[in-house]
Each structure stands twice: as structure tokens, then as C-alpha cells.
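**Student:** need coordinates for the following:
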Amino acid sequence: MQRLEKLMELLKNNHKYHVTYKNGLSNHLSMDLIALYFLNADENKLQNIYDKYAPHLEHLVHSDFEITGINWNKHLGTNQYFWSYYKFFRAKKSILGIEEVLHNYLPQLIKGVAGGLFHPLIRLAYSLELWNYANSQDNQHVATFAEDEIVISLAYFADSYLELPIYDDQNKKLSSLLNQLITEKNHSSKISGILTRIKHIADTNSAYKALSNNIDNTPDDLKTLANSISQIYIDYQDFTILQCVTSLHAFRVVFDFAPHNLAITHYWHALMAAFLSADKTLSATPPTDKYIAPDEIEEKAVLLTESHDIKLLYTAACEYEFYRNPNYQKIISLIAPR
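**Tutor:** Numbering: from 1, shown residues only. The predicted structure follows:
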């Protein structure tokens with residue numbers, strides 16, 4: 001129980017900080033803490049990560065601007081109204097309950113999944129996993145706390161919303177589109193900033209436009225994506241593709257709270273733009289093929305200090321358990337303390 005109490009304490013402390021800092025960098029602290037908790041890190045590790053990360057964050061500034069049921073979708077993606085969206089979703093939760101809020105608002109929010117370079121999606125998924133865990137343990141205190149993390153994530157999603165264009169309304173099979181995308185290796189934009197490159201590619205890139213389609217959803221779509229994106233990360237070990245790997249795990253967690261065809265179509269476009277923006281140079285560091293035991297994962301979790309490495313380790317552990325795909329064991333073998 002000490003670990004769980006420490007997690008709650010540090011998550012609560014993070015609530016005084018904004019979800020972004022330094023003009024748009026994501027506050028990863030809640031994501032790191034939840035990931036490390038589920039990777040069995042002890043309370044000292046949780047505290048050390050908090051102490052390392054918190055000094056860089058910016059305090060949350062409250063706002064009197066009111067988001068309502070009438071205007072809530074008119075201010076999406078303005079990056080100005082996080083606090084207003086937080087108050088809006090918190091009020092809705094108190095009336096409807098958290099599951100109804102998710103079912104009511106994610107169908108719109110999922111269209112902006114590219115916003116914040118997937119970090120709102122990831123924070124939402126980790127909050128949902130904490131909520132599911134608390135409910136499985138019949139721990140109402142933690143479940144209620146996790147619901148506030150979910151509300152924060154929804155407000156972050158709304159404020160960072162970025163809906164990418166869809167140029168063709170034909171339904172295509174994801175597997176065929178994915179096979180075409182993987183052959184597109186020379187479309188990296190030199191514009192600085194991953195999110196800026198994603199926006200530029202979605203508006204101008206011929207490969208993006210050619211592959212822009214609605215998805216004819218099938219039960220194996222997420223499994224197909226997981227296999228392909230994990231292999232691409234192994235081949236290139238690129239930072240942008242790392243975001244694709246971690247976001248896909250998050251997308252799987254939240255998938256059932258939005259209409260499947262709509263959700264996977266918009267996630268596909270965000271993933272496609274991110275992939276086309278990556279500098280795809282084959283990596284010289286091959287993964288190992290040896291079996292990764294659970295205690296090795298926990299040992300790595302204790303040593304890691306870089307936020308994206310922590311999330312990648314957690315993602316790979318979760319997705320290996322879910323899919324039993326050896327690609328995720330290979331990814332685990334590639335993660336080393338920096």
C-alpha cells in the first residue's frame with residue numbers, strides 16, 4: 001500500500017502544474033509515475049522521478065473563461081483554455097459519471113488525436129488504466145482520484161486538439177494502406193518541430209494525400225498496426241516512431257470509448273503524418289532475440305530516468321503481454337539507461 005499512497009501523493013502534487021510547459025512541451029510526470037508504478041518501481045524511485053522532473057514544470061494558471069455545452073467544440077485546439085475545459089469536464093463528470101463523459105465526448109476529441117504529439121491520448125490511457133486497476137481492487141478512493149486524472153487528460157486533449165485533413169472518403173483496408181505507407185521513406189520535412197512537421201505534411205505532402213482514406217475497420221486492425229509499427233521502430237529506432245509505438249498502446253486502451261471506424265481513421269491519419277515526418281535511417285543497433293523476463297523489466301524500470309524511455313518500456317511490457325508479439329521483447333532489449 002505504501003507504493004500506491006506515494007503514487008497518489010505525487011500525482012496530486014502534479015495537479016498544481018500545467019499539462020504543458022516551455023511553450024508546448026508535454027508534462028510527462030503523471031504518465032511516468034503511473035507507468036513506473038505498474039512496472040513495480042518502489043516509492044523511492046517514484047519520488048526520485050518527481051524530484052527530477054517537477055522543477056522544470058510551470059504552475060497552473062486559472063481562468064475565468066467559461067466552456068459550456070454550446071461552445072465547447074468551438075475552442076478546441078486553441079491552447080488557451082485548459083483550465084476552462086477542466087472545469088467543464090469536471091462538472092460533466094459530477095452529473096454523468098466518467099464513463100458517460102468518455103462516451104459522449106471522445107467521438108469528437110479523437111478526431112484531434114494528433115494534437116500534442118499524442119501525449120493527451122497517452123495521459124488519458126494511463127489514467128484509464130489506473131482507474132481500471134482501482135476498480136478491480138475495489139478501491140473507491142483511488143478510482144475517484146483516477147477519474148480526476150481522466151478529466152485532466154480530456155481537458156488536455158481538448159486544448160491541444162489537432163484534426164488533420166482527410167482527402168478521400170473511400171473506405172480502404174488498413175493493411176493495404178499500411179503496406180503502401182511503409183514503402184514511403186523519403187518524405188521527411190526539414191521544418192523544425194515534430195508537430196509543425198506533422199501539420200505541414202498533412203497539408204502539403206503528396207504521399208499523405210494519396211493514402212488519406214477512411215478505414216474499413218476490421219477486428220485485426222490494431223494487431224496489424226502493432227506488428228508493423230513495432231517492427232518499424234526496431235528497424236529505425238527513431239524518436240518520432242517511438243511516439244507512434246507508445247501512442248498505439250494508448251489508442252488500444254481508449255479505443256472502445258469512441259466509434260471504431262471514426263477512431264481508427266483519425267488515428268491512422270495522425271500516425272501516417274508522424275511516420276512521414278520521421279528521419280528514417282536504418283539503425284545500426286540490432287535488438288537481441290533473447291527472452292526478457294519480468295524481473296529484467298523491473299530492473300530496467302529502476303534504472304531509467306528519461307521520460308520517453310519509461311513510457312516505451314511500459315508500452316512494450318503491456319503490448320507484449322497483450323499480443324505476445326516478440327517485437328516488443330526486442331524493443332525492451334533496446335532500452336538502456338541514458
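**Student:** just the strands in this protein please.
**Tutor:** Applying DSSP state E to the chain gives strands spanning 20-21, 25-26, 171-172, 214-215.
**Student:** tell me which of these is the most buried.
**Tutor:** When the strands of the chain are scored by mean count of other C-beta atoms under 10 Å, the highest mean neighbour count falls to strand 214-215 (a mean of 20). Glycine gets a C-beta too; all of them are placed from N, C-alpha and C.
**Student:** for the closest residue in space to A210 that isn't next to it in sequence, give its distance to Q243.
**Tutor:** Closest residue in space to A210, ignoring its immediate chain neighbours: Q180 at 7.8 Å, by C-beta to C-beta, 6 or more residues apart in numbering. According to C-beta to C-beta, to the nearest Å, Q180 and Q243 sit 21 Å apart.
**Student:** between the two, which has more neighbouring residues?
**Tutor:** Q243 (23 against 13; other C-beta atoms under 10 Å).
**Student:** okay but the more buried one is in contact with L117, surely?
**Tutor:** Yes - at 5.8 Å, Q243 counts as touching L117 under the criterion of C-beta atoms under 8 Å.
**Student:** what do these two both touch?
**Tutor:** I194, A274 (C-beta atoms under 8 Å, 6 or more residues apart in numbering).
**Student:** per-residue confidence at H75?
**Tutor:** pLDDT recorded at H75 is 97.
**Student:** who touches stretch 193-209?
**Tutor:** By C-beta under 8 Å, 6+ apart, stretch 193-209 touches 24, 114, 116-117, 162, 164-165, 167, 181, 184, 187-189, 191, 239-240, 243, 269-270, 272-274, 276-277.
**Student:** TSV for the strands of the chain, including distance to A158 and mean pLDDT?
**Tutor:** What follows is those, written out as TSV (distance: least, C-beta to C-beta, whole Å; pLDDT from 0 to 100):
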stretch	distance to A158	mean pLDDT
strand 20-21	13	96
strand 25-26	15	96
strand 171-172	28	94
strand 214-215	24	95
